[in-house]
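Colleague: I'd like to go over a predicted model; first the sequence, then the structure.
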Amino acid sequence: MIPAEAEITTKSLAAEAEGPGGGEWTQWGRNGTNNMASPATGISIDITSGEIGDDGEVTDAKGAKWVAKLGSQAYGTPTIYQGQVFVGTNNEEPRIEAVKGDHGVLMAFDEQTGGLNWQFSVPKLGAGKVSDWEYLGICSSMLLDGKNGYVVTNRGEIICLDLYGLADGNDGPFQEEDAYASTGLEKLGTGEPVDKGEKGADIVWGYDMRSELGVFPHNITSSSVVMAGDKIFASTSNGVDWSHINIPAPTSPCLIALNKETGELVAEEASGIGERIMHCNWSSPGYAEDLNGKATVVFGAGDGYVYGFDANEFDVEEDGGEKYNLMKELWKVNCCPNEYRFDKDGEPIKYATYPGPSEIIASPVVYDNKVYVAIGQDPEHGEGVGAITCIDPSKGNGDDAIVWQFRELGRTISTPSIVDGLIYIADYSGKLFCLDAETGEKYWEHDTLSHIWSSTLVVDGKVFLGNEDGEMVVMKAGKEYEEIATIEYPSPIYSTCVVANGTLYVMTQTHLYAYGQK
């Protein structure tokens, strides 16, 4: 059931209530720091995945309040806000009869019952694996603020949605939801309208990054937005084409800022990232209100560098009578060691080889005035050398800002979690590491014996981590190595576990489990 409008307040993300349940989880990374740790307590691990029937429904999942059936693939992380749970998936288990075939889907579930409140359906680009891989669905996590949510679609759009859907009417200003469902923003009004009824989504505004900026997403548009005041910052997923060599849009921005109320372009990066793309720009940016005295957007880019951009002040450039706001680069640091970029003779090492260079896909984490960044590649490229780097922006630019670098870590797309001065980070090879945040010293490692796409969650003195074999590994948080439990699921876990209002959410490729008191 959708909450009554009067019950939804326009509170700030920074003012979210916490307490024993840990508060709400309103965006990828929980907040702008991207540090996936929760203060919640009393999170039970006496849970099971239950049994899946012939109809795909789950029964007898011990400890579960409810289990919701998703599509056939799910990669984003659930976000929870004002009585609803939002997840991205595909349309292989259709919930709205009028929406047929392959679509990206965002589902909004009731937080208490798991019932579907409404669904946002996004048509595919028809570009296949080049820019909108079949059946991947929506990989972005929706950011929630006030009465709106912000999600990046599989089509390279940033969409602002009303949290109620269409059940309370079309609040506008966008009024063409039925037309959008067949074509997306790019060719709006040229297709056959799709009437989705009261279970449809209410679009507030939309911004098409492909049409407006000329960007070329590689494989899929896959990152989540971060909010900084009245702006949202987003990666454009700009990348290479099918050849994996040519960059179709080298001068297009890889990071942009939009006005959160109107969707108008506020600023774009002009640091030349697009000319140096290795594969794509899939990392979700972070935000720190005060990092070395500046409100800073932190972006892990497709060239292997992490950038700090001023969140409020922009450079102005004029071209053909039009003025453009360009993001002011505060600092940048190379997180991909030169030994991975060049061999002993100074020749470039080929990308997508085991010893070769990597970009940044994991999100940068801001903790104690430092930035922690891990490098990696598309899992399709296999295993390879990696690193996690600790950066202190107050020390300057480039290598001067590097505090330490840990290279036992393999390639990873997993974002680190940091609690009590300890880093927990997994690599694609399947290993989970515990490191000292100040020195990079390794305290322990644990091999899950399976590839890992998801990130760690630290809560209630435990570290939760899902893997490709469908196992959720639970370790004791701390310097001493202790494996607590391994909970098995019938399909891979590519999403990161989250906790909100005392409930643990585990999302497999096909189901969302909500564990907690009913």
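Modeller: Alright, I've got the coordinates. Residues are numbered from 1 along each chain as shown.
Colleague: for Glu468, give me its contacts.
Modeller: Neighbour list for Glu468: Ser450, His451, Ile452, Trp453, Pro492, Ile493, Tyr494 [criterion: Cβ atoms under 8 Å, 6 or more residues apart in numbering]. For every residue, glycine as well, the C-beta is placed using N, CA and C.
Colleague: quick one: residues contacting the residue lying closest to it once chain neighbours are set aside.
Modeller: Setting aside the residues directly before and after it, Glu468 is nearest to His451 in space (Cβ to Cβ, 6 or more residues apart in numbering), at 4.3 Å. With contact set as Cβ under 8 Å, 6+ apart, His451 has these partners: Pro379, Tyr428, Ser429, Gly430, Asn467, Glu468.
Colleague: filter the contacts of Glu468 to the buried ones?
Modeller: For these, a burial check counting by 16 or more other Cβ atoms under 10 Å picks out Ser450, His451, Ile452, Trp453, Pro492, Ile493, Tyr494.
Colleague: so what does Arg341 have for phi and psi?
Modeller: Here is the backbone geometry of Arg341 (degrees, to the nearest 10): phi -90, psi -40.
Colleague: and the gap between the nearest residue to it once chain neighbours are set aside and Asp469?
Modeller: Closest residue in space to Arg341, ignoring its immediate chain neighbours: Pro357 at 4.6 Å, by Cβ to Cβ, 6+ apart. Distance of Pro357 to Asp469, computed by Cβ to Cβ, to the nearest Å: 29 Å.
Colleague: between these two, tell me which one has more neighbours.
Modeller: Between Pro357 and Asp469, counted using other Cβ atoms under 10 Å, the more crowded position is Pro357 (24 against 18).
Colleague: surely that one meets Tyr340?
Modeller: Yes: between Pro357 and Tyr340 there is a contact under Cβ atoms under 8 Å: 4.7 Å.
Colleague: now do the shared contacts for the two.
Modeller: Common contacts of Pro357 and Tyr340 (Cβ under 8 Å, 6+ apart): Ile349.
Colleague: helices of this protein, residue ranges please.
Modeller: Along the chain, the segments classed as helices by DSSP state H run 177-183, 209-213, 338-341.
Colleague: including distance to Leu326, mean neighbour count and mean pLDDT, could these go into CSV?
Modeller: Shown next, in CSV, are the helices of the chain (distance: least, Cβ to Cβ, whole Å; neighbours: other Cβ atoms under 10 Å; pLDDT from 0 to 100):
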stretch, distance to Leu326, mean neighbour count, mean pLDDT
helix 177-183, 31, 20, 91
helix 209-213, 13, 20, 97
helix 338-341, 27, 15, 98
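Colleague: for stretch 372-389, buried residues please.
Modeller: Residues 372-379, 381, 383-389 are the ones in stretch 372-389 that count as buried (16+ other Cβ under 10 Å).
Colleague: what's the first-to-last distance across it?
Modeller: Its first and final residues considered, stretch 372-389 spans 6 Å by Cα to Cα, to the nearest Å.
Colleague: rewinding a little: return the closest of the buried ones among the contacts of Glu468 with respect to Asp178.
Modeller: Ranked by distance to Asp178 (Cβ to Cβ), the buried ones among the contacts of Glu468 are led by Tyr494 at 31.9 Å.
Colleague: which residues are in contact with that closest one?
Modeller: Ala74, Tyr75, Trp453, Ser454, Gly466, Glu468, Gln509.
Colleague: among those, which are in strands?
Modeller: Residues of the contacts of Tyr494 located in strands (DSSP state E): Gly466.
Colleague: of all the contacts of Tyr494, which two lie farthest apart?
Modeller: Ala74 and Glu468 (13.5 Å).
Colleague: low-confidence stretches in the chain?
Modeller: Low-confidence segments of the chain, defined by pLDDT under 70: 1-19, 127-128.
Colleague: farthest residue from the center of it?
Modeller: Farthest-out residue of the chain from its mean C-alpha position, per Cα atoms, centre = their mean: Asp345, at 38.0 Å.
Colleague: show the contacting residues for the residue nearest to Arg341.
Modeller: Contacts of Pro357 (Cβ under 8 Å, 6+ apart): Met278, Gly304, Cys336, Tyr340, Arg341, Ile349, Tyr351.
Colleague: out of those residues, which end up buried?
Modeller: In these, burial by neighbour count holds for Met278, Gly304, Cys336, Tyr340, Arg341, Tyr351, counting by 16+ other Cβ under 10 Å.
Colleague: surely the fifth one meets Ile349?
Modeller: It stands for Arg341. Yes: counting by Cβ under 8 Å, Arg341 touches Ile349, with 6.4 Å between them.
Colleague: could the helices of the chain go into a markdown table alongside distance to Lys196?
Modeller: Putting the helices of the chain into a markdown table (distance: least, Cβ to Cβ, whole Å) gives the following:
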| stretch | distance to Lys196 |
| --- | --- |
| helix 177-183 | 6 |
| helix 209-213 | 23 |
| helix 338-341 | 48 |
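Colleague: so which of the ones you listed comes closest to Gly293?
Modeller: Of the helices of the chain, nearest to Gly293 by Cβ to Cβ is helix 338-341, at 29.9 Å.
Colleague: so how far is that closest one off the chain centroid?
Modeller: Distance, stretch centre to chain centre, for helix 338-341: 27 Å (Cα atoms, centre = their mean, to the nearest Å).
Colleague: mind saving the C-alpha coords of the longest strand along the chain as CSV?
Modeller: Secondary structure assigned by DSSP E gives strand 305-319 as the longest strand of the chain. The C-alpha coordinates for strand 305-319 follow below in CSV (Å, rounded to 0.1, in the frame of the first residue of the first chain):
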residue,chain,number,x,y,z
TYR,A,305,42.0,8.2,-12.2
VAL,A,306,39.9,9.4,-9.3
TYR,A,307,38.8,13.0,-9.5
GLY,A,308,37.7,15.6,-7.0
PHE,A,309,35.4,18.2,-8.4
ASP,A,310,34.0,21.3,-6.7
ALA,A,311,30.4,20.7,-6.1
ASN,A,312,29.3,24.3,-6.0
GLU,A,313,31.7,26.5,-8.1
PHE,A,314,32.1,26.0,-11.8
ASP,A,315,34.3,27.5,-14.5
VAL,A,316,32.3,29.3,-17.3
GLU,A,317,33.1,28.8,-20.9
GLU,A,318,31.5,30.6,-23.9
ASP,A,319,31.1,29.0,-27.3
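Colleague: walk me through which strands it pairs with, and which way each runs.
Modeller: Each strand that pairs with strand 305-319, with its direction, by DSSP bridges: strand 294-300 (antiparallel), strand 322-334 (antiparallel).
Colleague: to Ile256, which of those strands lies closest?
Modeller: Closest to Ile256 of the strands paired with strand 305-319 is strand 322-334 (Cβ to Cβ; 8.6 Å).
Colleague: how about residues contacting that closest one?
Modeller: With Cβ under 8 Å, 6+ apart as the test, strand 322-334 has contacts from 255, 257, 266-271, 292, 294, 296-297, 304-310, 313-318, 373, 389, 391, 393, 396-399, 401-402.
Colleague: pull out the buried members of those.
Modeller: Buried among these (16+ other Cβ under 10 Å): 255, 257, 266-271, 292, 294, 296-297, 304-310, 314, 373, 389, 391, 393, 401-402.
Colleague: beta-bridge partners for the residue lying closest to Lys442 once chain neighbours are set aside, please?
Modeller: Excluding the flanking residues, the one nearest Lys442 by Cβ to Cβ, 6+ apart is Leu435, at 5.6 Å. Under DSSP bridges, the beta-bridge partners of Leu435 are Ile423, Lys442.
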